[in-house]
Each structure stands twice: as structure tokens, then as C-alpha cells.
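>>> okay, predicted coordinates and the sequence, questions at the end:
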Amino acid sequence: MHFLKHPLVILSFTLFSLLFSLSLYSNWKRNQNTASQVALLEEEVQQMSSEVTQLEQAAKSASGSAATEKIIRDQLLMQKSGETVLQLPEIETEKSVVAATGEKEQTIWQQWREVLFR
């Protein structure tokens with residue numbers, strides 16, 4: 001038992017304990033990082049599964065007869081026999097004119113002030 005009191009044994013035991021503690025700490029940090037990555041991946045999987053569900057529902061509704069009729073009427077401009085189709089041109093609104101000219105859109109209060117005081 002006298003060899004336990006030798007300075008080299010104490011030094012080696014201290015170094016071994018220090019290395020063991022550092023190893024435990026690094027493994028703990030790695031475990032924390034892995035747990036956070038797993039949580040992020042699970043959240044991403046949940047989002048993707050909800051997107052898949054929405055896309056499946058959209059595919060089901062697109063394959064129905066109402067969707068087929070909508071495509072035939074709107075895109076192919078076809079009609080049923082005896083039916084008259086009216087096609088109206090698109091009318092440009094004031095907001096789209098302002099956006100096209102690049103002017104800054106005014107608030108309602110600014111428009112009123114301009115009308116009343118100028």
C-alpha cells in the first residue's frame with residue numbers, strides 16, 4: 001500500500017481522472033448536439049408529412065370530375081352544347097397602375113389630404 005503514496009502514482013491517477021472526466025464531458029456535449037439534431041429532424045419530418053398529406057388531398061380533389069370540368073372550361077375554353085360562354089377582358093385596377101408606374105402608394109389619409117388641401 002505504500003506505492004499509492006508515491007508521487008508518480010498520484011500524478012498518473014490524477015491525469016487518468018482528468019482525461020476520463022474530459023472524455024465524459026465531450027461525450028455529454030456530443031449527446032446534447034445529437035439530441036438537438038434529432039429534434040430538428042423530427043420537426044422536419046412532421047412538416048414534410050403534413051405537406052404530403054396536403055398534396056395527397058390536392059391530388060384527390062384534382063382527379064375528381066369537378067376539377068376535370070373546371071380545366072375543360074377554363075383552360076381549354078370548351079363548353080357544353082347549347083351553352084354560351086362570355087369571356088371578359090381583365091381590367092387594370094388603380095393599384096396595379098400605381099405599381100406599374102413605380103409610384104409609392106399613398107395611405108387613405110394622404111389621399112384625402114391631397115384632395116382637400118391642394
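Yep, that arrived. Everything numeric here is computed off the predicted structure, so don't read it as measured data.

>>> for the chain, longest helix please?
helix 7-62 (DSSP state H).

>>> that one: what's the following helix or strand?
Read in the C-terminal direction, the helix or strand following helix 7-62 is helix 65-74, with elements assigned using DSSP states H and E.

>>> before we move on, the earlier item: what average pLDDT does the longest helix of the chain get?
Along helix 7-62, the predicted confidence averages to a pLDDT of 93.

>>> and the angle from it to helix 65-74?
70 degrees (axes from the mean of the first three to the mean of the last three CA atoms, to 10 degrees).

>>> next one: helix 7-62 to chain centre, how far?
Taking CA atoms, centre = their mean, to the nearest Å, the mean C-alpha location of helix 7-62 is offset from the chain mean by 22 Å.

>>> what about the most centrally placed residue in the chain, distance to L40?
In the chain, the C-alpha closest to the average C-alpha coordinate belongs to Q47, at a distance of 8.3 Å (CA atoms, centre = their mean). Q47 sits 11 Å away from L40 when distances are taken as CB to CB, to the nearest Å. Just so you know, the C-beta spots here come from the backbone N, C-alpha and C atoms, and that holds for glycine as well.

>>> one more: L4?
When CB to CB is the yardstick, L4 and L40 sit 49 Å from each other.

>>> also S21?
Here the criterion is CB to CB. By it, S21 lies 29 Å from L40.

>>> just D74 next, same as before
As for D74, its distance to L40 is 42 Å (criterion: CB to CB).

>>> for E90, same thing?
E90 sits 45 Å away from L40, going by CB to CB.

>>> and those two? which has more neighbours close in?
Using other CB atoms under 10 Å as the criterion, E90 and L40 rank with L40 on top: 10 against 6.
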